[in-house]
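Colleague: make a model of this:
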Amino acid sequence: MPPDPAHWPRHGWVRLGKGWASRLCSPMAPAERAEAEDWCRAGRPLVIARGRPGDGMGELRLGLATPDKRRIGLHVAADAVVERLDPLPLTEAVESAPEAWRPMLADLARRAQELGAAASVYGSLAWQHRTGLRYVRPESDVDLLFAPHGRRQLDRLLELLVAVGDRTPRLDGEILLPDGAAVAWRELAGRPARLLVKGPAEVGLRDLPSVLALFDREEAA
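Modeller: Purely as a prediction, here's the structure:
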């Protein structure tokens, strides 16, 4: 297992090995630590979260979301990880969605794949699929993650998402930028002058032309 998680993607997943609590980089409240220990003992995974400025090399921020919508954060050394999983493909997660949602999500997965921008999923549907516990409610959104390559692919993907995004289930989520940051697809589709961009360890505003230029340069490369 590589010691430095700098290139491990946010919304990816890990499982921690025995004794992980001895590798904590920040203290946890006793009750939350006990719950996290029970969670890991059951073999359930944790999601990779955004780092924080000042985190050291080889340190990892993780999240545990419970079915009752509580959030527990963990800050551990990466060598506590015994298994790492990429963000969950939507094609895999469809089987864990409510039956009424499955045709729409399967069609979206197929159409995104045809564009060359395969969809991943995070949030409640991903937690439900990864754990077998019940997270999805009738009012839940589906959080999607896309990594389009080039401006034309981005534009076609946004057209697709705008066309289907307000059906049932409602679609939310992010577009990964070529530099590894991410922006909400709904915000990018609205073409505002400035966008809220989430980097590996920071959140900030960027102007729209600079974000689109990343895709233009990627297409030209």
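
Colleague: what's in contact with the helix or strand Leu125 falls within?
Modeller: According to DSSP states H and E, Leu125 maps onto helix 124-131. Helix 124-131 has contacts (CB atoms under 8 Å, 6 or more residues apart in numbering) with 11, 13, 44-45, 47, 65, 67, 87-88, 92-93, 95-97, 121, 133-137, 140-143. (Glycine included, C-beta is placed from N, CA and C.)

Colleague: then stretch 143-150?
Modeller: So stretch 143-150 is contacted by 11, 87, 90, 112, 115-126, 154, 157, 161, 171-176, 178, 182, 185, 215-216, 218-219 (CB under 8 Å, 6+ apart).

Colleague: go through the residues you listed and flag which are in strands.
Modeller: Counting by DSSP state E, the part of those found in strands is 120-122, 171-176, 182.

Colleague: what packs against the lowest-mean-pLDDT helix or strand in the chain?
Modeller: Lowest by mean pLDDT, DSSP states H and E among the helices and strands of the chain is helix 208-220, with a mean of 94. Here helix 208-220 touches helix 151-164, strand 194-198, going by 3 or more CB pairs under 8 Å, 6 or more residues apart in numbering; DSSP states H and E.

Colleague: mind listing what's buried along the shortest one?
Modeller: Which is strand 194-198. Within strand 194-198, the residues scored as buried using 16 or more other CB atoms under 10 Å are 195, 197-198.

Colleague: same check, this time on the longest one
Modeller: Neighbour-count burial for helix 151-164, with 16+ other CB under 10 Å as criterion, is recorded at 151, 153-154, 156-158, 160-161.

Colleague: of the residues you listed, closest to Gly54?
Modeller: Leu154 (32.6 Å; CB to CB).

Colleague: what secondary structure does the closest residue to that closest one other than its chain neighbours sit in?
Modeller: Leaving aside its sequence neighbours, Leu154 sits nearest to Pro148 (CB to CB, 6 or more residues apart in numbering; 4.3 Å). Classification of Pro148 by DSSP: H, G, I helix; E, B strand; the rest coil places it in coil.

Colleague: just use 231 as the starting number from now, easier for me
Modeller: Taking 231 as the first residue, the last one we looked at is Pro378.

Colleague: which phi and psi values does Pro378 adopt?
Modeller: Torsion angles at Pro378 (phi, psi; degrees, to the nearest 10) stand at phi -70, psi 150.

Colleague: that one: how many residues sit nearby?
Modeller: 25 (other CB atoms under 10 Å).
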